[in-house]
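*Asks:* Provided below for reference: sequence and predicted model.
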Amino acid sequence: MLNRYPLWKNCLIILVVLFGALYASPNFFPEDYAVQVSGTRDVYQVDQSTLDRVTAALKRENVNFKSAEVAEGSALIRVANSEDQLKAKAITASVVGENYVVALNLAATTPEWLTSIGAGPMKLGLDLRGGVHFLLEVDMVQAVSQRLDVYVSEIKTKLRSEKLRYRSVEHKADGSLSIKFADVESRDEAQNLLRRDYVEFLTTTEEADGAYFVNVTLTEQTVKDIEDYAIKQNLTILRNRVNELGVAEPLVQRQGRNRIVVQLPGVQDAAAAKRIIGKTANLEFRLEATPNTNRALTDTYEFRSEPGRRATLEKDIIISGASVANAQASFDENGQPQVSITLDSKGGQLMNRTTRDAVQRRMAVIFVENKARIINETVDGQQVEKRIPYVEKKIISLATIQSVLGNQFRITGLDGAGESSELALLLRAGALAAPIYFVEERTVGPSLGAENIKQGVISVEIGFALVLVFMLAVYRMFGFLANIALCTNLLLLVAVMSILSATLTLPGIAGIVLTVGMAVDANVLIFARIKEELKNGIPPQSAINAGFERAFTTIFDANITTLLAAVILFAMGTGPVKGFAITLSVGIITSMFTAIVVTRALVNLVYGGRQIKKLSI
């Protein structure tokens, strides 16, 4: 019969709506104010005894808390309001000390039965939840310089393996390498060797002061590749580091050529966040110097965990931490702690080549931190801050090489399981490809975020109410049915955003408001077509069918062009623009479903399959 859906289609629509209601429901459970406690490094884990000391201190200070629990090495303390949250944070920080990070957070209250099926609330962005924002700059000059330092070691090893005698290999201040030879034959053979094995090099020759030189510079494409790698590697490492804060939905993304944006929603302590993500560290692998090693070719470093203990190492760097593909802490057959290392292919070749003649010698792993000292200077009568960068290098491991090493080997001789776990963490996630510096930082308070949410909700409510009133006044019963479909659209929009774990921002709320207005466009087109068919003398049932069928193409074309614009916004935009684009895209898809399918089902339910003489439209 005309304007009747089969039973299976009606059941499918009901299932979709129920599914949407189920996955949208976690958003109706308000989050708890909470304090998150986690260790600054893997060796500092929050255990039950630590949590007991914190809760005892909170009780002494009459700070009420809902619950306190330990999970995966960190603790979460839930409190009633923001005032208690600030008090609890200060007390907790004084109890646990500097080896732990204490951060403000918001903890979900979604029932366990919902989380067990993957249902969770939408995440709130920085502008809604409050938090900290950092703009970091990657030192591209230092990224290229560090790669050249590795090339110095490689070239020395290569020349020795080919039995080419050289006097020195120097890394010059202008970003080039200079290789010095005593005779022209060795120089020319070395140049041919470098041209054959290193396509990333541009080589020239010169003669000065009775010596012969090969000057090496990197091609423009190689420099660009190094810079791109530095950004990508640093992005990965920073994402690993912010995970230590236990922040829900952190944002770590590239901005421009050499900058990275880090946003941590819910975190209000910028100093603690900087301490975690600001470890601008790298790693170096070097051999311990022998008694016969020329002192001019060695460096002496202090141990990181044992101040005062020192070791003398060769200047040549075997590989840096950038060559480590994976590292896992474990125990050997005697129950002693060790770290199993996996290198990338190039790192494995370099390690194999170096350790062939170094069995039973000791190899050091050096932790390299790029720091900056801030001093105040007077410039034109005004006090300005000046950053003076410096490098701090300390040994974290010095172990004996038991056999020739390749892509996989073990580091032994570690002082306990804690040191092996920490070393594995540093090797996996501590090898920044280039130093980073804080360019900008700001904190968005939770009160400002709450005000943004309040204003956003009011805007959605006002827009929603005006659309409902308009549809009801103009289209009467059909408007009432369209309003039910519009409510369903909002429900499905929230459900899909929650399933996708999308982050809701203030522009995202703007996208919802826009979607509410656009969602009835399709119904307006359909209803206008039905009115037109009725004026032409078409029977009501035929008019309903023609209205839905003939308006479909126009509705599809209009929505698909808007969807394409939203996709382009998502692809080209950053941050808030992406949030708006996601909300708009999801809203377009759900509105087409509700306006065409759900509204048609409701109209069929009211008017379908029976004789009618007049439509309330």
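*Replies:* Now that the structure is in, tell me what you want to look at.
*Asks:* so which bits of the strand or helix carrying Ala103 are buried?
*Replies:* Ala103 belongs to strand 100-107 when assigned by DSSP states H and E. Across strand 100-107, burial judged by 16 or more other Cβ atoms under 10 Å covers 100-107. Heads up, the C-betas are built off the backbone N, CA and C, glycines and all.
*Asks:* swap in stretch 168-184?
*Replies:* For stretch 168-184, the neighbour count (16+ other Cβ under 10 Å) marks 169, 177, 179-181 as buried.
*Asks:* ok, stretch 13-31 next?
*Replies:* 13, 16-17, 20, 23-27, 31.
*Asks:* could I get those as CSV with distance to Ile588, pLDDT and secondary structure?
*Replies:* Below are these laid out as CSV (distance: Cβ to Cβ, whole Å; pLDDT from 0 to 100; DSSP: H, G, I helix; E, B strand; the rest coil):
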residue, distance to Ile588, pLDDT, secondary structure
Ile13, 19, 93, helix
Val16, 17, 93, helix
Val17, 18, 93, helix
Gly20, 16, 92, helix
Tyr23, 19, 92, helix
Ala24, 18, 91, helix
Ser25, 23, 92, helix
Pro26, 24, 91, helix
Asn27, 20, 88, helix
Glu31, 29, 81, coil
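*Asks:* of those residues, closest to Lys59?
*Replies:* Glu31 (23.8 Å; Cβ to Cβ).
*Asks:* now that closest one: how far from Val439?
*Replies:* In this view, Glu31 and Val439 are 31 Å apart by Cβ to Cβ, to the nearest Å.
*Asks:* which other helices and strands does the longest helix anywhere in the chain contact?
*Replies:* Counting residues, the longest helix found in the chain (DSSP state H) is helix 446-499. Helix 446-499 sits against helix 7-24, helix 126-129, helix 506-519, helix 521-535, helix 576-592, helix 599-607, with contacts defined as 3 or more Cβ pairs under 8 Å, 6 or more residues apart in numbering; DSSP states H and E.
*Asks:* just those helices: most buried one?
*Replies:* Comparing the helices and strands packed on helix 446-499 by mean neighbour count (mean count of other Cβ atoms under 10 Å), helix 126-129 ranks first with a mean of 26.
*Asks:* could I get it in PDB with only the CA atoms?
*Replies:* Output of helix 126-129 as PDB, limited to C-alpha atoms (Å, rounded to 0.1, in the frame of the first residue of the first chain):
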ATOM      1  CA  LEU A 126      40.600  22.900  26.100                       C
ATOM      2  CA  ASP A 127      38.200  25.900  25.600                       C
ATOM      3  CA  LEU A 128      35.400  24.000  27.400                       C
ATOM      4  CA  ARG A 129      37.200  21.900  30.000                       C
END
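*Asks:* chain center to that helix, what's the gap?
*Replies:* Helix 126-129 sits 17 Å away from the centroid of its parent chain (Cα atoms, centre = their mean, to the nearest Å).
*Asks:* ok, stretch 68-76 next?
*Replies:* 22 Å.
*Asks:* so how far is the helix or strand hosting Ala90 off the chain centroid?
*Replies:* Assigning secondary structure by DSSP H and E places Ala90 in helix 82-96. Its chain's C-alpha centre and that of helix 82-96 lie 27 Å apart, by Cα atoms, centre = their mean.
*Asks:* name the residues that touch stretch 559-569?
*Replies:* Contacts with stretch 559-569, where a contact means Cβ atoms under 8 Å, 6 or more residues apart in numbering, come from 518, 522, 577-578, 580-581, 584-585, 588-589, 591-592.
*Asks:* between the residues you listed, which is closest to Leu486?
*Replies:* Set against Leu486, the nearest of these by Cβ to Cβ is Ser591 (8.3 Å).
*Asks:* contacts only, for that closest one.
*Replies:* Remark: with contacts taken as Cβ under 8 Å, 6+ apart, Ser591 is in contact with 489, 515, 518-519, 522, 559.
*Asks:* need the pLDDT of it.
*Replies:* With respect to pLDDT, Ser591 scores 89.
*Asks:* do the same with the one 3 residues further on
*Replies:* Confidence at Thr594, expressed as pLDDT, is 91.
*Asks:* same thing with Ser447?
*Replies:* For Ser447, the model assigns a pLDDT of 64.
*Asks:* also Thr412?
*Replies:* If you check Thr412, the pLDDT there is 68.
*Asks:* over to Glu189?
*Replies:* We have a pLDDT of 90 for Glu189.
*Asks:* can I assume it is in contact with Arg165?
*Replies:* No: using Cβ atoms under 8 Å, Glu189 is not in contact with Arg165, being 10.2 Å away.
*Asks:* more neighbours: which of those two?
*Replies:* Glu189 (16 against 11; other Cβ atoms under 10 Å).
*Asks:* what about the residue lying closest to the more buried one once chain neighbours are set aside, which SS state?
*Replies:* Of all residues not flanking Glu189 in the chain, Leu164 sits nearest, at 5.9 Å (Cβ to Cβ, 6 or more residues apart in numbering). Taking DSSP: H, G, I helix; E, B strand; the rest coil as the rule, one finds Leu164 in the coil state.
*Asks:* and the contacts of stretch 559-569 as TSV, adding distance to Ala68?
*Replies:* Compiled in TSV, the contacts of stretch 559-569 are given as follows (distance: Cβ to Cβ, whole Å):
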residue	distance to Ala68
Met518	46
Ala522	51
Val577	40
Lys578	36
Phe580	38
Ala581	40
Leu584	41
Ser585	41
Ile588	44
Ile589	42
Ser591	44
Met592	47
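*Asks:* pick the one among these closest to Pro250.
*Replies:* Nearest to Pro250 among the contacts of stretch 559-569, with distances taken as Cβ to Cβ, is Lys578, at 14.8 Å.
*Asks:* who's in contact with that closest one?
*Replies:* Taking Cβ under 8 Å, 6+ apart as the definition of contact, the neighbours of Lys578 are 569-570.
*Asks:* so for the host helix or strand of Ala273, mean pLDDT?
*Replies:* Secondary structure from DSSP H and E places Ala273 in helix 270-277. Throughout helix 270-277, pLDDT has a mean value of 65.
*Asks:* roughly how far apart are Gly608 and Pro540?
*Replies:* 11 Å.
*Asks:* below-threshold pLDDT in the stretch 351-500 of the chain: ranges please.
*Replies:* For the stretch 351-500 of the chain, the stretches flagged by pLDDT under 70 are 370, 372, 374, 383-387, 412-419, 421-423, 425-432, 445-449.
*Asks:* and what of the stretch 51-200 of the chain?
*Replies:* Residues of the stretch 51-200 of the chain that meet the cut-off, pLDDT under 70, sit at 98-99.
*Asks:* just so I have it, where are all the helices in it?
*Replies:* Under the criterion DSSP state H, counting those that start in this stretch, the stretch 51-200 of the chain contains helices at 82-96, 112-115, 126-129, 140-161, 184-197.
*Asks:* nearest approach to Ile237 belongs to which of those?
*Replies:* Nearest to Ile237 among the helices of the stretch 51-200 of the chain is helix 140-161; the distance by Cβ to Cβ comes to 13.1 Å.
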